[in-house]
Every structure is written in structure tokens, then in C-alpha cells.
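What follows is a predicted protein model with its sequence.
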Protein chains: 4
Amino acid sequence: MFQIRTDLALETREKFDEDHIEVKGVRVDEERISPEIMITRVFIDTENGAKAMKKPKGTYITIEASDMMEEDEDYHREVSGQLAKVIETMLPGKKEELKILVVGLGNREVTPDALGPYVVDNMMITRHIIKEYGQYAFGNKATSQISGIVPGVMAQTGMESGEIVRGVIEETKPDIVIVVDALAARSVKRLNRTIQITDTGINPGSGVGNHRHAINKESMGIPVIAIGIPTVVDAATIVSDTMSDLIGAMRESAQLKSVGNGLAGLDEIEKHELARELLSPHLNAMFVTPKDIDEAVKRLSYTISEGLNLAFSRF
Amino acid sequence: MFQIRTDLALETREKFDEDHIEVKGVRVDEERISPEIMITRVFIDTENGAKAMKKPKGTYITIEASDMMEEDEDYHREVSGQLAKVIETMLPGKKEELKILVVGLGNREVTPDALGPYVVDNMMITRHIIKEYGQYAFGNKATSQISGIVPGVMAQTGMESGEIVRGVIEETKPDIVIVVDALAARSVKRLNRTIQITDTGINPGSGVGNHRHAINKESMGIPVIAIGIPTVVDAATIVSDTMSDLIGAMRESAQLKSVGNGLAGLDEIEKHELARELLSPHLNAMFVTPKDIDEAVKRLSYTISEGLNLAFSRF
Amino acid sequence: MFQIRTDLALETREKFDEDHIEVKGVRVDEERISPEIMITRVFIDTENGAKAMKKPKGTYITIEASDMMEEDEDYHREVSGQLAKVIETMLPGKKEELKILVVGLGNREVTPDALGPYVVDNMMITRHIIKEYGQYAFGNKATSQISGIVPGVMAQTGMESGEIVRGVIEETKPDIVIVVDALAARSVKRLNRTIQITDTGINPGSGVGNHRHAINKESMGIPVIAIGIPTVVDAATIVSDTMSDLIGAMRESAQLKSVGNGLAGLDEIEKHELARELLSPHLNAMFVTPKDIDEAVKRLSYTISEGLNLAFSRF
Amino acid sequence: MFQIRTDLALETREKFDEDHIEVKGVRVDEERISPEIMITRVFIDTENGAKAMKKPKGTYITIEASDMMEEDEDYHREVSGQLAKVIETMLPGKKEELKILVVGLGNREVTPDALGPYVVDNMMITRHIIKEYGQYAFGNKATSQISGIVPGVMAQTGMESGEIVRGVIEETKPDIVIVVDALAARSVKRLNRTIQITDTGINPGSGVGNHRHAINKESMGIPVIAIGIPTVVDAATIVSDTMSDLIGAMRESAQLKSVGNGLAGLDEIEKHELARELLSPHLNAMFVTPKDIDEAVKRLSYTISEGLNLAFSRF
């Protein structure tokens, strides 16, 4: 009924299913790894598919790991292993010959937006060591030449993250960029339970802080893989969804059926009128996040960095 | 329609007005300081009033400062001055003879909950200096003997904040405790724009992290003044309010009047049924907060610590 | 020649050996665990021994782990295991029946002094969970009831750490306190390579920040185990040692023998005169620490917390 | 006698005076601002002067502010004002037309090296606002277009700071770079009491972390002003100086005159032999810093950022 935002291709796809809309140019593929881990691949193949999904053409892989909120170390190791496998298939060459720049997007000072910076904090950084001591600095544990940067957010730097990243790429000539960022989901149920990996990079309007510029192959000149975990839901999305749910609930309720149908029968203009009245403009700059987001972000940043370390080293 | 939570006595009071309910045992007094600063005093005088308000008997003073989100230094200084005046009237003796313990409640790692810890970081701590060099260590700028503590949250310490504070009080015998905490409001419009000062301390269920134990005169044995700024709204509150607003909007809309009235006519049991369906259990542990909460919390922590430094020193 | 400071009983003992002084009332016991791990136990048995050593009677166990500056995870796990074994022998009861308070002394804002706070950050805190859900909250992995606190330093709180800890003990009644603190060594070679565990607690003048009050069984009323790693050398110690070394080197040099002997022959008063001239008063409030102290403190805090988690849980 | 390191041209110059060596191509100019503030300008005019001073040709301005360790706000404001005046004379154009990039060098995780990052944290960043709303976004308070970056250190990023800065310059085309960095002094007496401003930028071997690459006009293509405060002394410098002082003291002591003269009479090779024996290799990677470095660095970072904000805005 009202516009919602999600950075997860999976959720956009689900919405179409809910609304019984068929979308052409989008394929979906599901693989259950274990009772608690499910991998879904959404392929947006055509420009029409991209337009419908409001996301660029490319591959969006989602690791749904329902227990990622728990402290279970073995489970997190398993998720890291799955993440490493997904990343490895996307690397444009032999890992031990690659130069990889890992970018931690987001604001270290806002807990749910600190995921990217924390991941870079945890990364095994090797570029300076390999440059000084050669590929064999790490014995026979060959590894990629890894550099990392936390560009900060515009309020702190006065610059777009993309400007800083492009400058660093020009100077240091990596082969590929891995961008890690906290995302916005549509549903609170997905928060901190889902990893999305995509070869389309970061696109305007995505992320907790709503990036304004793209960080993708087109703007950076080299492949960009984006890894994200939803840590927030836009406050406006919660409110919109509540309204939709209320109307839905009323339609299903015997007593209120007529009321709900009446609402559903409003024309589009009236609906928007109603939405404008209810959605406080303050909500646009607000998000919803769990109270234990500090622990979640710390734990998840290790799950991702562990996955990356596995993917980039040949042990 | 559904239960809402607010730590602001002002908002609880307003709700009664909205619902045209008269509450006995509660007095309100308003004082406009300037176009952008308004002070409201809510006095809960009787047990009946306390029961209706779901807050203990005592005085709740609110400084509403609509521009506190702005970076204007002069404005913040003015608010600090008003806060100092309010605090001074509550001190149980001459400021230069008092021993004051300032407690920064909340979780430093969760941005909107870091207000209390940041305020203690900024405080002029004098107890150890006065104990070593005497009252005249600060020349003729007499000052209270100030100590400060950031007890952390239960997930970090395994202890209730109140246990730690009571232990520190027993050991160091202050005359009064000032507790600073981030609060939950009902309305997003109040976030980061309102300071509440109360002589009732901290009570169960209040604060961003929902304290379980009281930190008040009864439990601590000495007067406790609590200072708070709302930095979050409970996610469940947003959803409840949206439902109420939707129903309200429908009742006022010519076309939907009958629908809204129909809804309003549901009996209480049916309403709760509807609410239970809509309110995801995940929402209970979630909050709504602004995206620029990092800057807001830093700025507001200075506004409060500046007010306290003014109130405790005689320059 | 000049007064030196070390928090390591091991180093005080060595000094006597260097100076060919026999000390009564002090026993030493060495156990080589592996080429890179050595455990030394210094027992101060008598008051005379305590006076000579300038440390209280009791047991001082040192784990010297020469490779602790390296990133090798297996090695750190081995050191944690040795630490756990040492701790276990000191616990006053069955681990699953104990209430343990872990205190992280030191200043989180000064890198080499942040060891204690970081260890508490990493601890598995269980007290609140066991109090709410019972001993079996962790399944058959019985664990002690662990609480933790980071009291901060006097400049931040206006209170002695000992005051805060005693208050918390009175309120929460643990059976034993584990205090973790960064220490000062005499020799830069020991920095970040040695763990000292002692049943004498923390005593005045010890630690990076030179604690003024004791945190020991006498002052706290319950057993106190102190765990420390030297992360700094006092700047005055470096200078004193340089002077001693210079004189020693001269005595051994053929050409300068007479010069060195001449110096060594100065009487005590003249020596102190010389020392006073050379030792800038600024040096008293300064310390020496490695440039990569940030990485060392992070890594070592995990080694200690891992050891404690092992010691307190029965897996 | 032994090699010492200092980043302060003032100290290098003084050393020549101490040793009664006249250096050509170096001019010095002193201006006493107040009893507690002194400005010294060292001009290295020729390549010979540069070789002798081991610093590039250019201007080195030192603000010695003996009370900068105190908390006195008025005094810090005065120092900020003097800093602003010095900076203003070095700007290559009208401040309101300039695009300025402020770089905070150093390691945020090592307290005495965090000066640069903290200064950028405190800066008024305006580039993104002016780019969006134009020069008049700040009313008639015209200001430079300011951006800021904290590049991190090589162990964190795998990249030289200079690589990152050059990339950012290429992308965002500032007119001038201001680099802020923590420095190493020779004398502990200067720590946290001296600000050096130079138009020669950052050169290899300078800074707490010993930068390996230059950040100067030559390498960056635009003017680079470096602002630094010494927060550490190299541990090797302390030891060397102690040896020199000991020998000096002995030469002046009646009784030890012959001893000291004997030492001073050693030939260079023997002296180096002695130094090698005494200087533990561990010392090379160590520094000396005050225990209250956390408070000093916080306070000084405000003094610098305040100076920069004054210099870049026309109020």
C-alpha cells in the first residue's frame, strides 16, 4: 500500500510473491544447507527485471542463518565457511595473486551502522607485509594482498565515501573491492540473521545511512562485491507495514471484513493522503534497531571477517 | 487504544488531556522562558495521582528546548543555565558543602543509550582533589565534592546498576546522587529536544534499557535526582500509535467515518486480539532512534554536564 | 645503584642474585613447560623476606611466554591453558559453586593501562543469568557465577578503585575477587611477555597508574587474586638502569676499568647527588612502552580472559 | 655523543648552540607574546642548512606554551588564537575561497599518537554543506570548504598514509592540505607544551609512528602545512641523553673530573661500541610518554581544532 524500503533483493522478491505479481527477468534459486542455514540466489537478468526490483542487474546471494543472534561459536564458524565459499566463486582470479581492497562503510559512532568499520578492524591486512617481504612472508600459507579502509561518513569527512574509495583505488590499484555495509531490511525478523552478497556493489539509497553515490564496477572501474547484513528497519517502513497489516487483519476478521474491504477499496490518491497524514516527517530520518545491537554487531563483524580471511588465504 | 510507554511525566499528562480524562492529585505549571524554551512542572501529589500516572509521587520538571538538535552554542549555553537553576533548587544544602555522586547509567556501546556515560566523562570531578588539598584547591571558586561512576549494564557486569551504585554510596557516603540516563519518549517529535529532571530517581521499567530496579531515595537512603533526555521511542509504541492514528484519521475522514467508528466500537478484548496479531514479538526488544543520534548524544551530553558544572560550582 | 621499581617479584628476586645478596624467607621454584613457556613460583614466607622484597608475604607465580608478542593463536591458547591451571589451584572451592568478581583496573583511555578493562570486556559474565535461570542455564556446562566491573581511575571518578570494589563486594557478596591490572617491569625485555599471578592482591605503588590503596584480602575481606602483565617500564627506571649499565660496562672495559671503579667507589651520598642531577623530575610521571602496544594489549587481554573463562567453567 | 631524534626544528637548532656549532643557512627569530607564550621561527634557507639540520628547507614556527598542560580555558583560547594567526599567514588565498583538506595522521588506538585523529573529529567540516547549499549556507559567516580524513596507520590499512591522502587529493582537488600529527621531541620537558607549524609537510622518519613516506608539496602536488605537538620522546633518546648527561655531570664534578674527561676522550669508535652495548635493541621500538597523556591529547586536540576553525572561518 505504501512505499517500503529494503536493501535485500530477497525481500523485494518476496513482496512480489505476496502481492501475487509475476516478475519477468528475475530468477530465484534456493539451497538448504542445514536446518538453520539457507542460501538463496536472486538473479536479476534483464533491465525490465531491474526496473521492477528497483535494483541493478546482477546476482544477489542471501545466507539466511536464523541462529546468528546466538553466541554459538561453531555455528558462526559454519556461516563464515559458507560466506567464504560464496565469495570465492566471485573472485576474478587466483586468490594468492589478487590485490583486494576491503572497504568498511558506515558510521563507527552509530552502533547498527558500525558493521563495516568493525569488519575492517578484524581483517588480516597483508598488503604492506607482502610488499616488503614478498609473497612468502606468510610461509606456504599463500594469501591475497589485502588492504583496508574505513572512509567514514559525509558528516565526518565532508566527502562521499565513493570519492575516497575511488582515490584510494587510483593510487593503490587493487584488482577488486569488497565493500562491507550495514543494511536496512523491511522486516524486523531478518535483522542480524541474514547476509547478502552481491556483485552489483553499493547503489544510491542503500545502507543504514542511505548512500547517495554508487560504489560499483561502473563508478570504480574494477569489480565491486558488496557484503551486507541488515541491522535496521526504516521507521517509515515499520509504520507503513503496520498500516498494511492492520488493514489485512481487518479483512480477515469476520466482524471487520467490510471495514477492511472498504479501506482496500480506497483509490490510490486517498491512500496517499492517509499515509501523508500518519507518517510524521520526523520518521524519515529514524530507524528501528534491537536493544542488544552492540553485541550483535560485534559478533557479526567477526563472522564476516572470518569468512573473508578464509576466502582470501590458502591454508 | 494500546499500551504505550513514556518516561516523560509530561507526555503521560498530555495523554490524559487528549483522552479528556481528568486526573486528581496531579498539578501542572508552565513557564515560557523564551520562544524556544519552555519549562513545565508536573507535581504528582497523591498516591491516586501516582497510580493514574504510573509514576511515583514527586516533582517532574521538563525543559523543552525545541532547537537542541541545532549546533548553536549560545542556545545550548542558555539551556545549560536553565538546567543549573532547576538543579540548584533541588540540592539539599549549600553547594560548596555537598558531596555529590554523579551516575551515568546506560550502555556506552549503544549510541542512544550512551548519554549518561558521556555526561560523566565530561564532568569536572573534584572529590579526590578536595580530599587531598582541601576545599581551597580551586581557589575562591568553591565547588561541591564531586565523584562520578559509569556502572555499565547488566550484560556487561552481571549486576544491577543499582547494586553497584548502592555499594559505592555505602563506601563513599555522598549527600546526594545525580543519575543521568537516556529515556524513552512516546513521540518521536520529543527526541533530543526535552530534558526531564525529577526528584523521584530512576524507577523500574524506565530508561532505554528498561531498568529493573529502582535507584531512588528509598533504595539508596539518600536523595536521588534523575536527569534524562529521551533518545528513543519503543518500536511497539510507534506501531501502537500508528494504529491509533489510523483509526483516528479514519474517524475524521468523511468517507471513512463509519469504518473508524466501527473500529472504535470494538470491545476491549477484540482490540487486544488485533494488537497481539499485529505487534511482532520482535518489536518488544527494539527501539526507534534518529540517524544522527551520534552527534545529538555528544552535544546533549555537554549541555547536561555544563549545567551540572554550573550548578555545583560557585564562580 | 639507584632505586628501581618493578611489580614482578621475579625481577626483584633476580636483582638480589645479580647483586649476590642472599635473601632469607624467599623460595623460588622453576618449571619449564616448553621451550617457550616457563613457570616460576616465588614464595615469600616470612616478614623478613617481605621486607627485603618490598612485597607482601604470599605466592607470586610468573608465566614467562617469550612468544606472546606473536600472533600465533595456538601458542596463546597454550598460555591461556597454563594460566587456567594456575588459577584453578588458587580457587577457594568448587568452581561451579563459586561467586567470582572480576575487576579490570586501569585507565581504558591510556593504551598500556587498558589491559584490565579489556579483559573484563571479553569475560563471559554469568551472574545475572544464573540468578535468573539457575545453575543449569548453561546446560551441563556448569560455570561459576561471574560478575565484572571496570571501576575507572581516580581522575575519572574522584574515588579510589578500592573504594568502588569494596562497595560492590559488600552489595553483591562474591566469594573471591580476581583483579586484572597492567604492571610496570624493570626490564623492557619482559614487556608483554610475562604474566604474574599472586594471592597477595594489589598493593600500594603497583600498577601502571601506581595505586595508592591496597585491594587485598585484608582490605576487602575475601581472597583477592591479582593477575598482571607488565606493559610499561617507569621512565626513571630506564634512566637509572642506563647509569648502572654504563658504569658496569666501564668496569668491564679494559681501558675504562679505573674510571668505572672510581665511580663505583663513590659513597652513597655522592651517588644520590648524581642521580638527582640527572633524573629530570618530569620523568617521574612518565613511562616507556612499545609502539605497537595497541595490538599487544588487545591480544593479551584475550589470552587472559580465555584463561579465566577456562578456569571458571567446567566443560 | 649518540644520535638523537627530534621532530622539532627548534630542538635541533638548540643542540647546535649547546655544542657551540655555528650553522649557516639557518635563521632564527623569537617573539615573546606573553610570559607564558613564546613564538620562535626557524628558517632553513639553504641546502647546506637543510643538510646540517637534517630537515628540508622551509619555515618552522614553534609556539611554546608552557601552561598548555593546565586546564585553563582562557589560556587555551589564547594559544588557539596565536595558532590561527600563524596558519592564516600561510594560506595561499582568501580563506572563504579555499578548499582545505585536513588530515589526522597517527593511530587512534595508541593514546599519544591519537592527536591527529582527534583534531579531525573536532573540526567543523563544511565541504558537503557548501557543495549542496552554496557558500551562503553559513549565513554571512563565510568559511573555507573543509574536508577531513583520518587515514589510519599501515598496520590497519596495509597502505602508506601518503597513498591514501594522494588518492583523496586527486579525487577531491583541495587547494591545500593541513596535516596534523603527534611528534617526537628530544626533551621530556617539551612534551605537550609546544606546537610546531611548518610549510615543509611531513617527511620520512617523523611522527610518533615514524612515517616512511613524505606528505609534502612535492609528493602531493599542492601546498602542505604540517601542525604537530610532541607527545613522546624516543626511548633510545632518553637513554642516549642520560649517558651524555652522566658524562657531562662527571666532568663538572670536582671529584670525577678526570673520569669524565677520560670518557669524553674516548674515540668515536669506542663510544659507539659502548652505546651499542647499552642500548637494548628493544628500545628502538619504544617511546616515553606522560601517564596523563589521555587528558593531554584530548585537551590539545581542542586547542588545535579551535585554532583551525578560527583560521578557516571569517566571523
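Received, thanks. Numbering: from 1, shown residues only, chains lettered A, B, ... in the order given.

Every contact and neighbour count from this point should use C-alpha atoms.
OK.

ok, the closest residue to residue A:190 other than its chain neighbours - contacts?
Leaving out its chain neighbours, the residue that sits closest to residue A:190 by CA to CA, 6 or more residues apart in numbering or on different chains is residue A:230, at 7.1 Å. Counting by CA atoms under 8 Å, 6 or more residues apart in numbering or on different chains, residue A:230 makes contact with A:7, A:182-185, A:190-195.

Partner strands of the strand or helix carrying residue A:230, with direction?
Following DSSP states H and E, one finds residue A:230 within strand A:224-234. Next to strand A:224-234 in the sheet, as set by DSSP bridges, lie strand A:176-185 (parallel), strand A:194-198 (antiparallel), strand A:286-290 (antiparallel).

Would you mind pulling up the elements that whichever helix or strand comes after that strand packs against?
The helix or strand immediately downstream of strand A:224-234 is helix A:235-252, counting by DSSP H and E. Applying 3 or more CA pairs under 8 Å, 6 or more residues apart in numbering or on different chains; DSSP states H and E, we find helix A:235-252 packed against helix A:257-264, strand A:286-290, helix B:235-252, helix B:268-278.

Just give me how far helix A:235-252 sits from the chain centre.
Averaging C-alpha positions (CA atoms, centre = their mean, to the nearest Å) puts helix A:235-252 24 Å from its chain's average.

what does stretch A:123-143 give?
Taking the mean of its C-alpha atoms, stretch A:123-143 sits 29 Å from the chain's own mean (CA atoms, centre = their mean).

what about it, near chain D?
Yes. Stretch A:123-143 lies within reach of chain D by CA under 8 Å from any CA of the partner chain, at A:125-129.

Would you reformat the residues you listed as CSV and include secondary structure?
Formatted as CSV, the residues of stretch A:123-143 next to chain D follow (DSSP: H, G, I helix; E, B strand; the rest coil):
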residue, secondary structure
A:125, coil
A:126, coil
A:127, helix
A:128, helix
A:129, helix
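
Nearest to residue A:283 among those?
When the residues of stretch A:123-143 next to chain D are compared for distance to residue A:283 (CA to CA), residue A:125 wins out at 39.4 Å.

Neighbours of that closest one, how many?
Here the count is done by other CA atoms under 10 Å in any protein chain shown, and residue A:125 has 25 residues near it.

what do you get for residue A:74?
9.

wait, is it part of a helix?
Yes. Assigned with three-state DSSP, residue A:74 falls within a helix.

Kindly report the residues of the stretch 1-150 of chain A close to chain D.
Counting by CA under 8 Å from any CA, the stretch 1-150 of chain A sits next to chain D at A:121, A:125-129, A:146-149.

okay, how far is it across stretch A:20-35, tip to tip?
End-to-end distance of stretch A:20-35: 27 Å, with CA to CA, to the nearest Å as the criterion.

Scan chain A for its longest helix.
Identified as the longest helix of chain A according to DSSP state H is helix A:293-312.

distance of residue A:9 from residue A:16?
Distance, residue A:9 to residue A:16, by CA to CA: 11 Å.

picking that back up, which of the contacts of residue A:230 ranks first by neighbour count?
Result: residue A:184 is most packed of the contacts of residue A:230 (other CA under 10 Å), 31 neighbours.

my guess is that residue contacts residue A:7, does it?
Yes. Under the criterion of CA atoms under 8 Å, residue A:184 makes contact with residue A:7 at 5.6 Å.
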